[in-house]
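Enquirer: from the sequence below, what's the structure:
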Amino acid sequence: MHYVSDAGIDNQDKPYAAQVEDMPDDEEYCPRYACEYDDALGHMDAQRPYAARVEDVPDDEEYFPRYAREYDEGPVADVLGKGETAFNKMKKVQDSLGGSTYSPFEDRDEWELAQWLINNVNQRATDEFLKLQVTRSRIRPSYRSNYKFMKTIDQLPTSPEWKCELVHAHGDDEDIGNDRGGDKDHTVGGEEMELWVRDPVACITELIGNPAFHGDIAYAPEKVYTDCQGSTRRYDEMWTGDWWWEMQRRLPSGGTVAPVILASDKTELSRFKGDKNAWPVYLSIGNLAKEVRRQPSRHASMLVGYLPVSKLESFDDNSIGQHRLFHYCMRRMVQPLVDAGRKGVEMVCADGKIRRVFPILAAYIGDHPEQCLVACCAENRCPKCLVPAKERGLNTAFQPRDQTHTTRTLHAQAAGLYPPEFVAQGLRPIFSPFWADLPHADIFTAITSDILHQLHQGIFKDHFKKWCIALVQRVFLAALVGAAPHPDVIKAGCNLLDFIYLAQYQSHTDRTLVALQQALDSFHAVKDIFIDLGCWEHFNVPKIHSLRHYVETIRSLGSLDGLNTETSERLHIDFAKKAYSASNRRDYLVQMTRWLQRQEAIIWFSSYLTWRLGNIQPEPQPADDCDRSDESDVPPEHPDALLNRTTLARPTRSFPAGLTYRISQRPQFPRRTVQYLQQKHGAVHFVHALQDFLCSTQTDGRQSFQPNINDRFSCFSNVVIQLPPHEHCMANRNLSARIRSHPQRDNGPRKPPTPARFDTVLTLFDEELLQHGGFHGLRIAEIRVIFKLPGHLGNYPHPLAYVHWFKPLTHFDRSVGMFRATRSTQQRLPNASIIPVHRLVQPCHLIPRFPNAAINPHWTQGHAMTDANVFYLNKYIDFSIFDRYQNHF
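Expert: Numbering: from 1, shown residues only. Okay, the predicted model is just below:
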């Protein structure tokens, strides 16, 4: 498994970038049993031979404060009573019938067999399996054929049912999406299509009332701050943005907002042949935490419809017909949201309480063509503002689109008045947009910024990469330092990459949003250099203009990681491609909906069993009680803080910053000689460095054996270190990094040898300076040997690392926005030391500096670190290093 940076750049060919990976819950080594080092006892309490060692190194507790101000402008999310969730109803039915917890299945074994069959085996193979003699005589399930098996599955509670509605279209495009003809039933000389839908209000009821989401759901807005004075806002979840707060003011007193998130995207179903397509529409709600919505396995998004896909060959202008068909079908699909958004609907929520919920469209996720389709504008226009088609490359704020004014303009155009705004605003003749009647909704503010298509695949891949290739091939920022004919090329690249990384933060503050805007302004200030050098003709590009709306979208709806098209792209696998594969490819939509209905039934019943068997934690205490008991814990950091103590709660969670590591109990390279380490690992000062380390750690005054060249050391090929928590991106993730240190390894005659790899790491050098943030108190080291101290040399509890130091990070190259790193030497030999592995903070990536754009062909994997003299500490290898750069100055 190779490392892929957060920017999506494959780093397999960069030999000294340590791998960053999600730390698995299950241990990797086999066998692997965790045990902790007891400082009081001074020994390892190993439970089993060859057990992996997990050592927690104590450190000062550190957290990222979150002070929440609850909505204080009136009652919100009033509880109307207590109700029964779907899980409670299922339990009552099972208890009344006296059946098994696994009913309609006889027991757990039969349920697990059914779960495995429905998820992994097609219906023909299922029927053959159930009719085998061994299955009937030994397993003896209650279902003896696939027909009876499906009948049993259909007894499970299901999600809202699917409905198929027929849509008729004439060659006259006025018959689609126009109130004067769109609702008529035309069957002669036209085209008949199927619209598969289910009630979106019922889907919202299921999501907000699912007990599996209890603890990850919010019912009221709040404003979150990083300090108890309330001076710096934090934006991450949707309920921390301004949209929910403003929407709460519009609703009746005590109402509960359910921010509706819609996403649509047409996708291909057939892989290598055919032209089968589907146009799924997904729905989720902003009450759920974005970390839950981003995990497909949590099933926090529901499929609410398949839009018809047709070429509309009977139309003279089929593009206009397709646009009107989209809005007509979407209008029929979201019609239940109109009354529900105006009057509210009483729903049983995940905590078992009844609230009046107002589902309001808050966000619409799609790529640029989809956004323009939704906004009823041409694709050379911005779907959010009125920027002229020729001025999209300017860094200027333009008037936002107004939904009421746009609707009036479309109606005037339909009436034959031909208002000049219709052409000036780049509108399309879609006279009945689906969002026109949705209460309290503003479709133009609901359209979200898209990191995947606008930044990664758009600005960087489709534009910036081409600009750079026009200057020098196969190199980017570091190589351009010597190759760029003008320093503004480097500045433009740095500012653009800064914007891309800042936009991906999972938690923003006022400070990061200011930095985001500054990066955009700085890019626009120097971007014309690409025109001057003849690399590009103009910047009149929709995706470049779209960057203007990132800050306002984050302030309104929260961080963009919960509103990205990556989620809908991933949902295509479960809701479209797998469903199509389960069909016989003929009349496939009806088969897809039936398959999805059964899959959702299995998922629902699995969640119910988890709840029924007591694996979901009980309901926590009310927030009011917690706030009252914790008020005294808020430190009065400022006199004004006393004014806010009644509205600003204490930090809602904290994140320990103690460094941890994980290493194999059995060394991969046992009993290696000093001569081997000097030749294969380049550890030329190994004995002297170990002598200095032992002298510095001896505190009891006893004389021990001194290391010499005849000693043997057991070495490890890697160590996994726990990364420190990250305020903006890693606060909720358990990330680790594998640090490798091994010489070249022979793989036999059929495969090339594995190159030597000695990773570079930021190490803890000065604990006092570390408190200043950034790279203060840290120093780069190259890990040459990872080993454990032999028993005759002492009893040190932690593994050790022999390192070659780089000079302290003092030379910041403003032309590229990175620190220069050079090796530290003593008498022209590497400056070496031995340090315990718990002082390794995180991996880092060094980029060789290419002098005068000359790329040395010998700088390949295994040679670049030894042949190059000057390096750059890569700012963009991961978010943690990037954030250290942001906090250093």
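
Enquirer: who does the top helix by length along the chain touch, helix- and strand-wise?
Expert: If you go by DSSP state H, the chain has its longest helix at helix 588-612. Taking 3 or more CB pairs under 8 Å, 6 or more residues apart in numbering; DSSP states H and E as the contact definition, the neighbouring helices and strands of helix 588-612 are helix 86-97, helix 108-120, helix 146-153, strand 191-197, strand 302-307, helix 578-581. C-beta: built from backbone N, CA, C; applies to glycine.

Enquirer: out of the ones you listed, which gets nearest to residue 364?
Expert: Of all these, strand 302-307 sits nearest to residue 364, with 13.1 Å by CB to CB.

Enquirer: can you name the next helix or strand after the closest one?
Expert: Proceeding N to C from strand 302-307, the next assigned helix or strand is helix 318-333, under DSSP states H and E.

Enquirer: and the contacts of that following helix?
Expert: Contacts of helix 318-333 from elsewhere in the structure, counted by CB atoms under 8 Å, 6 or more residues apart in numbering, are 165, 167, 169, 173, 176-178, 182, 193, 195, 197, 200, 264, 281, 304-305, 307-308, 310-312, 315, 373, 376, 428-434, 437.

Enquirer: buried subset of those residues?
Expert: By the neighbour-count criterion of 16 or more other CB atoms under 10 Å, the contacts of helix 318-333 include these buried positions: 167, 169, 173, 176-178, 182, 193, 195, 197, 200, 264, 281, 304-305, 307-308, 310, 312, 315, 373, 376, 428-434, 437.

Enquirer: the helix or strand residue 516 falls within packs against which elements?
Expert: Here residue 516 sits within helix 510-526, counting by DSSP H and E. Helix 510-526 is packed against helix 487-503, helix 550-557, with contacts defined by 3+ CB pairs under 8 Å, 6+ apart.

Enquirer: pull the residues that contact that helix.
Expert: Helix 510-526 is contacted from outside by 232-233, 235, 394-395, 488, 491-492, 495-496, 498-499, 502-503, 505, 508, 547-548, 550-551, 554-555, 728, 886, using CB under 8 Å, 6+ apart.

Enquirer: so how do I select the buried members of these in ChimeraX?
Expert: The buried subset of the contacts of helix 510-526, as determined by 16+ other CB under 10 Å, is captured in ChimeraX by this line:
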select :233,235,394,395,488,491,492,495,496,498,499,502,503,505,508,547,548,550,551,554,555,728,886
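
Enquirer: nearest to residue 76, of the helices and strands packed on helix 510-526?
Expert: helix 550-557 (18.6 Å).

Enquirer: the inter-axis angle of that closest one versus helix 487-503?
Expert: Angle, helix 550-557 to helix 487-503, by axes from the mean of the first three to the mean of the last three CA atoms, to 10 degrees: 10 degrees.

Enquirer: distance between helix 550-557 and the chain's centre?
Expert: Distance of helix 550-557 from the chain centroid (CA atoms, centre = their mean, to the nearest Å) equals 17 Å.

Enquirer: quick check: end-to-end length of stretch 258-277?
Expert: From its first residue to its last, stretch 258-277 covers 31 Å (CA to CA, to the nearest Å).

Enquirer: report the buried residues of that stretch.
Expert: Of the residues in stretch 258-277, those with enough neighbours to count as buried (16+ other CB under 10 Å) are 258, 259, 260, 261, 262, 263, 264, 265, 266, 267, 269.

Enquirer: before we move on, what about stretch 77-95?
Expert: So for stretch 77-95, counting by 16+ other CB under 10 Å, buried means 77, 83, 85, 86, 87, 90, 91, 94.

Enquirer: for the closest residue to the second one other than its chain neighbours, list each beta-bridge partner.
Expert: In this case it means residue 83. Closest residue to residue 83 apart from its sequence neighbours, by CB to CB, 6 or more residues apart in numbering: residue 348 at 3.7 Å. Using DSSP bridges, the bridge partners assigned to residue 348 are residue 354.

Enquirer: enumerate every residue touching residue 348.
Expert: Counting by CB under 8 Å, 6+ apart, residue 348 has contacts 83, 84, 85, 205, 209, 354.

Enquirer: try it again at 7 Å.
Expert: 83, 84, 85, 209, 354 (CB atoms under 7 Å, 6 or more residues apart in numbering).

Enquirer: nearest to residue 452 among the residues you listed?
Expert: residue 209 (31.0 Å).

Enquirer: any idea how far the closest residue to that closest one other than its chain neighbours lies from residue 82?
Expert: With sequence-adjacent residues excluded and distances taken as CB to CB, 6+ apart, residue 209 is closest to residue 348, at 4.8 Å. According to CB to CB, to the nearest Å, residue 348 stands 9 Å off from residue 82.
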